[in-house]
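J.: predicted model follows, preceded by the sequence.
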Amino acid sequence: MSSASLKEMRNGGEDYSNGHGGGGVRDLYGEDCATEDQLITPWTFSVASGCSLLRDPRYNKGLAFTEGERDAHYLRGLLPPAIFNQELQEKRLMHNLRQYEVPLHRYMAMMDLQERNERLFYKLLINNVEELLPVVYTPTVGEACQKYGSIFRRPQGLYISLKEKGKILEVLKNWPEKSIQVIVVTDGERILGLGDLGCQGMGIPVGKLSLYTALGGVRPSSCLPITIDVGTNNEKLLNDEFYIGLKQKRATGQEYAELLEEFMHAVKQNYGEKVLIQFEDFANHNAFDLLEKYSSSHLVFNDDIQGTASVVLAGLLASLKLVGGTLVDHTFLFLGAGEAGTGIAELIALEISKQTKAPVEETRKKIWLVDSKGLIVSSRLESLQQFKKPWAHEHEPVKSLLDAVKAIKPTVLIGSSGAGKTFTKEVVETMASLNEKPLILALSNPTSQSECTAEEAYTWSKGKAIFASGSPFDPVEYEGKLFVPGQANNAYIFPGFGLGLIISGAIRVRDEMLLAASEALAAQVSQENYDKGLIYPPFSNIRKISAHIAAKVAAKAYDLGLASHLPRPKDLVKYAESCMYSPGYRSYR
Ligand SMILES: O=C([O-])CC(=O)C(=O)O
Ligand SMILES: [Mg+2]
């Protein structure tokens, strides 16, 4: 197939095919935010090329190429005669997907689609979000990471290993897209509640970024998934001949810190100050340090600490409509004092402090955490890791969760330990005996690590519990009544949060922005949702929800003087909506 050059460019645009294989129909995104309409004409040029156009997922439309496009782009004979519109393609693919009974097969079919026809992939994901979220994201993505070595086909992100030390800037330049707005990076040490999956953690940044696009409307071309490979301590992977990562124990200490430092520096040098770096699924011992170290010099966000905190706070604020009172009337008990547990605890304390004007040192006293050694109390202070110290309140030692529930008498019980089946029948029954409407959140992912199932929460509490979980559960019928569990997953927050940072050109993340995001999400829960006992709105409305979250986050960035995109748009919700990527096909004629 010959490749004839047929450029129609205005404004002296440049060829973004960047020497990594060319051809196809290319478009230029010059602006940080441009609507789809703006993107169609003056910025489009084409390099007619049949086969390479069909093989370029960003521009391929498969059977949806029109007669005219087939003529203009040398596609004649490369496709069967039928022409399908995108709706028919969507219908066909959804039909095919539903034939697979094994969730991992659905995941693989979706990944194939993403690599074949990106717009169709996003069309499916956006229009069938409730059905497909569990496929491309939690829980199936967890299994995909566990088996990533054997299902690996094409690299979907950048791999930066110890071998690239000293060359990270060059590695970043190998990525074909130049205008990056969001990076999700993991070092694979704590993938969901599944532990150290090393280099195979790549499924997580890929999955999170596909939600940035589908749920938050961030353009796919400006998203970059990265896995940092410093080895793994997972013996099974080290002994697996199909393992795709470095076969060595994890580098730690200075060696680790130096690689991360080089990475952070290279990212800023290559993409500037406004690129958002989302840390994902790092182990506790690195997550807190990295966030603290880089939050004053980079635009960084830790999804497991801050995103989870924001989504849980939103659920708590919304739940007050069902249980009454204000936040300060509640007592909180956590099982798990890692990133999620302490992150959520701190954000609750900040919100109570904001509402009551009491200092945060005081408001923390309503919040108790249990870790693997029992209740965190002041007599343990010396031996506690730094991030647990603020939660060491005066109390006698308590060993088990059940005893802690009995001693503290919480109104809200939150599981964030990554360990499944830890909310036992006795724990749930005790919560129900102490409270008219106990709030029980089983946040650990994927489903196998959930502290209890939705069915257990409802039956053991005799229908009294208000329940939400990190991984999705189906509705449960108990004594003739249907209970619909909520999904307290950070996927509600990070896409809209990131969009808010992008549209305002924010240069730093602040806690006030997280509080704003929580309040925005809570405000999206409708009376109809409350009537069903829900404390989160359905994911089917997520794009609208994300626009509202983005608007509140952007507003905060402007208020705090951290926004670099001036002037401030008048209607931030409308502006956020206008910036969102939409996956409809564009005409190449
Ligand atoms: O990925 C998810 O479903 C939520 C999350 O960040 C985690 O569990 O680490
Ligand atoms: Mg995570």
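T.: Received, thanks. Numbering: from 1, shown residues only. Ligands and ions are numbered 1, 2, ... in the order given.

J.: dump the C-alpha coordinates for stretch 177-190 into PDB.
T.: The C-alpha trace of stretch 177-190 is given here as PDB (Å, rounded to 0.1, in the frame of the first residue of the first chain):
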ATOM      1  CA  GLU A 177       2.600  11.700  22.700                       C
ATOM      2  CA  LYS A 178       4.300  14.900  23.700                       C
ATOM      3  CA  SER A 179       1.500  16.800  25.400                       C
ATOM      4  CA  ILE A 180       0.900  14.900  28.600                       C
ATOM      5  CA  GLN A 181      -1.500  16.200  31.300                       C
ATOM      6  CA  VAL A 182      -1.900  13.200  33.600                       C
ATOM      7  CA  ILE A 183       0.600  10.500  34.600                       C
ATOM      8  CA  VAL A 184      -0.500   7.600  36.800                       C
ATOM      9  CA  VAL A 185       2.500   5.900  38.200                       C
ATOM     10  CA  THR A 186       2.900   2.800  40.400                       C
ATOM     11  CA  ASP A 187       5.900   0.800  41.600                       C
ATOM     12  CA  GLY A 188       3.600  -2.300  41.900                       C
ATOM     13  CA  GLU A 189       4.400  -2.900  45.600                       C
ATOM     14  CA  ARG A 190       0.800  -2.900  46.900                       C
END
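
J.: tell me the mean pLDDT for that stretch?
T.: Throughout stretch 177-190, pLDDT has a mean value of 97.

J.: buried ones in it?
T.: 179-190 (16 or more other C-beta atoms under 10 Å). C-beta coordinates here come from the backbone N, C-alpha and C atoms, glycine included.

J.: whichever residue of the stretch 51-200 of the chain sits closest to ligand 1: how many residues sit nearby?
T.: Nearest to ligand 1, among the residues of the stretch 51-200 of the chain, is Thr138, at 3.3 Å (C-beta to the nearest ligand atom). Thr138 has 21 neighbours, counted by other C-beta atoms under 10 Å.

J.: let me know the secondary structure of it.
T.: coil (DSSP: H, G, I helix; E, B strand; the rest coil).

J.: was I right about it contacting Ala488?
T.: No: at 11.5 Å, Thr138 and Ala488 do not qualify as touching, with contact defined as C-beta atoms under 8 Å.

J.: and for Leu209, nearest residue in space, chain neighbours not counted?
T.: Distance criterion C-beta to C-beta, 6 or more residues apart in numbering; nearest residue to Leu209, sequence neighbours excluded, is Cys223 at 4.1 Å.

J.: just the element for the one residue sitting closest to the centre of the chain, please.
T.: In the chain, the residue lying closest to the centroid (C-alpha atoms, centre = their mean) is Lys208, at 4.1 Å. Using DSSP states H and E, Lys208 falls within helix 203-214.

J.: could you dump the helix or strand just after that helix to CSV, C-alpha only?
T.: Next along the chain after helix 203-214, taking DSSP H and E as the criterion, comes strand 223-229. Presented in CSV, the C-alpha positions along strand 223-229 are these (Å, rounded to 0.1, in the frame of the first residue of the first chain):
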residue,chain,number,x,y,z
CYS,A,223,-2.7,10.4,29.6
LEU,A,224,0.5,8.4,30.4
PRO,A,225,0.6,5.2,32.4
ILE,A,226,4.0,4.5,34.0
THR,A,227,5.3,1.5,36.0
ILE,A,228,8.5,1.9,37.9
ASP,A,229,10.2,-1.4,38.2
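
J.: anything in strand 223-229 near ligand 1?
T.: No: applying C-beta under 6 Å from any ligand atom, one finds strand 223-229 out of contact with ligand 1, separated by at least 13.4 Å.

J.: show me what that strand is in contact with.
T.: 156-162, 175, 177, 180-188, 198-199, 201-202, 205-206, 208-209, 212-213, 245-246, 259-260, 263 (C-beta atoms under 8 Å, 6 or more residues apart in numbering).

J.: next, Leu413: phi, psi?
T.: phi -120, psi 130 (degrees, to the nearest 10).

J.: pretty sure it is touching Ile440, no?
T.: Yes: with contact defined as C-beta under 8 Å, Leu413 counts as touching Ile440 (5.1 Å).

J.: hey, what's in contact with both of these two?
T.: Shared contacts of Leu413 and Ile440, counting by C-beta under 8 Å, 6+ apart, come down to 423, 431.

J.: for the residue of the stretch 51-200 of the chain closest to ligand 1, what are its contacts?
T.: With the criterion set at C-beta under 8 Å, 6+ apart, Thr138 makes contact with 192, 445-446, 470-472, 489, 491.

J.: so what pairs up with the residue nearest to Leu209 in the strands?
T.: Listed beta-bridge partners, Cys223: Val182 (assigned using DSSP bridges).

J.: and stretch 559-567, how far out from the chain's middle?
T.: 25 Å (C-alpha atoms, centre = their mean, to the nearest Å).

J.: repeat that for stretch 459-470.
T.: With C-alpha atoms, centre = their mean, you get 25 Å for stretch 459-470.

J.: which residues are contacting it?
T.: Under C-beta under 8 Å, 6+ apart, the answer for stretch 459-470 is 138, 315, 319, 322-323, 425, 428-429, 431-432, 435-445, 450, 452, 454, 457-458, 476, 478-479, 481, 483, 485-489, 533, 535-536.

J.: just the buried ones from the residues you listed?
T.: By 16+ other C-beta under 10 Å, the contacts of stretch 459-470 give 138, 315, 319, 323, 428, 431-432, 435, 438-445, 450, 452, 454, 457-458, 476, 483, 485-489, 533, 535-536 as buried.

J.: about what we covered before: for the residue nearest to the centre of the chain, give me its contacts.
T.: 137, 184, 225, 278, 280, 303, 494.

J.: check Ser310 too.
T.: Ser310 makes contacts with 347, 490, 493, 497, 514-515, 517-518, 521, as judged by C-beta under 8 Å, 6+ apart.

J.: can you list which of these are found in helices?
T.: Here DSSP state H is the test, and the contacts of Ser310 give 347, 497, 514-515, 517-518, 521 as lying in helices.

J.: helix, strand, or coil at Ala468?
T.: Criterion first, three-state DSSP; result for Ala468: strand.

J.: now Leu482
T.: Leu482 - assigned by three-state DSSP - is strand.

J.: same question for Ile502.
T.: helix.

J.: break the chain down into its domains, please.
T.: 48-117, 137-301, 305-487, 490-577 (the TED database).

J.: can you put those in TSV and add distance to Asn128?
T.: Formatted as TSV, the domains of the chain follow (distance: least, C-beta to C-beta, whole Å):
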stretch	distance to Asn128
domain 48-117	6
domain 137-301	10
domain 305-487	14
domain 490-577	9
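
J.: avg pLDDT for stretch 102-116?
T.: The average of the pLDDT scores along stretch 102-116 is 97.

J.: list the buried residues for it?
T.: 104, 106-111, 113-114.

J.: ok, now stretch 51-68?
T.: In stretch 51-68, counting by 16+ other C-beta under 10 Å, buried: 52-54, 56-57, 59-66.

J.: rebuild those residues as TSV, extending it with secondary structure, distance to ligand 1 and pLDDT.
T.: Shown next, in TSV, are these (DSSP: H, G, I helix; E, B strand; the rest coil; distance: C-beta to the nearest ligand atom, whole Å; pLDDT from 0 to 100):
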residue	secondary structure	distance to ligand 1	pLDDT
Ser52	helix	35	92
Leu53	helix	35	94
Leu54	helix	33	95
Asp56	coil	29	93
Pro57	coil	24	95
Tyr59	coil	30	94
Asn60	coil	29	96
Lys61	coil	31	97
Gly62	helix	30	97
Leu63	helix	34	98
Ala64	helix	32	98
Phe65	coil	36	97
Thr66	coil	39	96
